[in-house]
Every structure is written in structure tokens, then in C-alpha cells.
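*Asks:* next one to model:
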Amino acid sequence: MKRLETFGAWLFGAVFVILSFAVALEVTMRKVLNVSLQGVDELGGYALAVGAGLAFSLALVGRSHIRIDLVHERLPRALRLVLNVVSVASLAACALALPVLAWFALSDSIDMNSTAQTPWATPLRWPQGVWFVVLSIFALVALGSLARLLGFAFGGQVDRVDREYGPRGTKEELQEELADIEARGAAAAAGMPTEGGRS
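*Replies:* Model (predicted):
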């Protein structure tokens, strides 16, 4: 799962770096040559919508959604369990609402044969269709996460619920950072040449 998160982060990062260069080129050409590439802002909107939808799923899998843990770890186990269930259930409810709303927009665009008000006049059914798919993926991931949590809860695995669905505390984040630093140090040491010039 960590590899999937890393791949997603690199992919989104690469897309938005390329997009930033395209925007910079567009602005420069407009100012200097009075010429426009046309469509860069449209592509940017599509990339942001699709990238955000996929990032929701990655953030959920990686427990990166923000939760306040100031009080959580000091509460009794039973109350922590209830809060974890409420947290994941409310996130799943919001995740379910997103593709429903996206479907309303998509079906209207299909019915009215809507196009983007840009020089490309892109039929909106295509970008909105992709947007609907990624939001549906997020909803499925959220529902799967809720089902898994409830399975642990009804199976009496309260500690596992705490560990996998509770907010990430400072100790856990510190341990992850230290492990990451150690892994990078080991990788750097493995790639360094020895004193004799051989690796």
C-alpha cells in the first residue's frame, strides 16, 4: 500500500509540475508574443479535479485525513471505538454523496450535450465521466474501509481498530519519520563508493 501511495504522489506531482511549466509558458507567450496556447487552464481544471478525487482515496488508505488526537488517546477504549466508527462512517457518507452529485452534473451534461466554454469546446461528458469514476472509487474505498472497521469491531479487535483507524499520534508519526530517515540513510550508504573507489 505504501508503494501505491508513493506512486500516486509521484504521478500527481509530475502532472502538476508539467502543468506549471505549461502555465508559465502560456503566460510568457501571452505577454511577449501576444499568442496563447489555448486550453492550458482547461487542462489544469481537469487535472485538479481528477487528481483530487484520486488523492482522496490515497489519503484514506494512508490515514492522512486530518483528525485531532489531543483528547482521543486519553479516552476509554469503548469511547475511542465509538469515535473511530463515527469518524469512518461520516467520511464514508460524504464519500458516497460525492459521486451522486457528480452523476447529476454528468447526466445533465449528457442530456444537454454540454461543451466547455473554451476554444477547445470539449464535450463535458468526458472529463465529468472520469471525475465521476474517481469519486466512485473513493466511495468504494471508504465503504470498504468502514466494512473492515466494523468487522474488527464486532470481532472484538478493538486494539486493531485503534491502531489502524485511530488518528495518527505524534509517536507514530515520529516512528515513521525515523524509519524513513533510516531507510534513506541505508539506501544512500549502499550507493556510496568505498575508499578504494569501488561500490
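*Asks:* from here on, contacts and neighbour counts on C-alpha atoms
*Replies:* Will do.
*Asks:* Gly53 contacts Val134, correct?
*Replies:* Yes: counting by C-alpha atoms under 8 Å, Gly53 touches Val134, with 5.4 Å between them.
*Asks:* which strands and helices sit next to the helix or strand harbouring Ile110?
*Replies:* Counting by DSSP states H and E, the element that carries Ile110 is helix 77-112. Applying 3 or more C-alpha pairs under 8 Å, 6 or more residues apart in numbering; DSSP states H and E, we find helix 77-112 packed against helix 125-154, helix 158-165.
*Asks:* go again using 6 Å as the cut-off
*Replies:* helix 125-154 (3 or more C-alpha pairs under 6 Å, 6 or more residues apart in numbering; DSSP states H and E).
*Asks:* same for the helix it packs on, what does it pack against?
*Replies:* Helix 125-154 packs on helix 40-61, helix 77-112, going by 3+ C-alpha pairs under 6 Å, 6+ apart.
*Asks:* format these as a markdown table; extra columns: mean neighbour count, distance to Leu150 and mean pLDDT.
*Replies:* Listed next are the helices and strands packed on helix 125-154 as a markdown table, based on neighbours: other C-alpha atoms under 10 Å; distance: least, C-alpha to C-alpha, whole Å; pLDDT from 0 to 100:
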| stretch | mean neighbour count | distance to Leu150 | mean pLDDT |
| --- | --- | --- | --- |
| helix 40-61 | 18 | 16 | 87 |
| helix 77-112 | 16 | 7 | 95 |
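*Asks:* got TSV for the ones you listed, with distance to Phe7 too?
*Replies:* TSV is the format used below for the helices and strands packed on helix 125-154 (distance: least, C-alpha to C-alpha, whole Å):
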stretch	distance to Phe7
helix 40-61	10
helix 77-112	23
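*Asks:* so which of those helices is nearest Arg184?
*Replies:* Nearest of these to Arg184, taken as C-alpha to C-alpha: helix 40-61 at 22.4 Å.
*Asks:* chain center to that closest one: distance?
*Replies:* 8 Å (C-alpha atoms, centre = their mean, to the nearest Å).
*Asks:* distance between stretch 58-65 and the chain's centre?
*Replies:* 7 Å.
*Asks:* now the host helix or strand of Leu174: mean pLDDT?
*Replies:* Leu174 is part of helix 170-191, with elements assigned from DSSP H and E. What helix 170-191 shows for mean pLDDT is 74.
*Asks:* separation between the nearest residue to Phe138 once chain neighbours are set aside and Leu143?
*Replies:* Distance criterion C-alpha to C-alpha, 6 or more residues apart in numbering; nearest residue to Phe138, sequence neighbours excluded, is Ser57 at 4.9 Å. Separation of Ser57 from Leu143 (C-alpha to C-alpha, to the nearest Å): 11 Å.
*Asks:* same check, this time on Ala189
*Replies:* Taken as C-alpha to C-alpha, the span from Ala189 to Leu143 is 42 Å.
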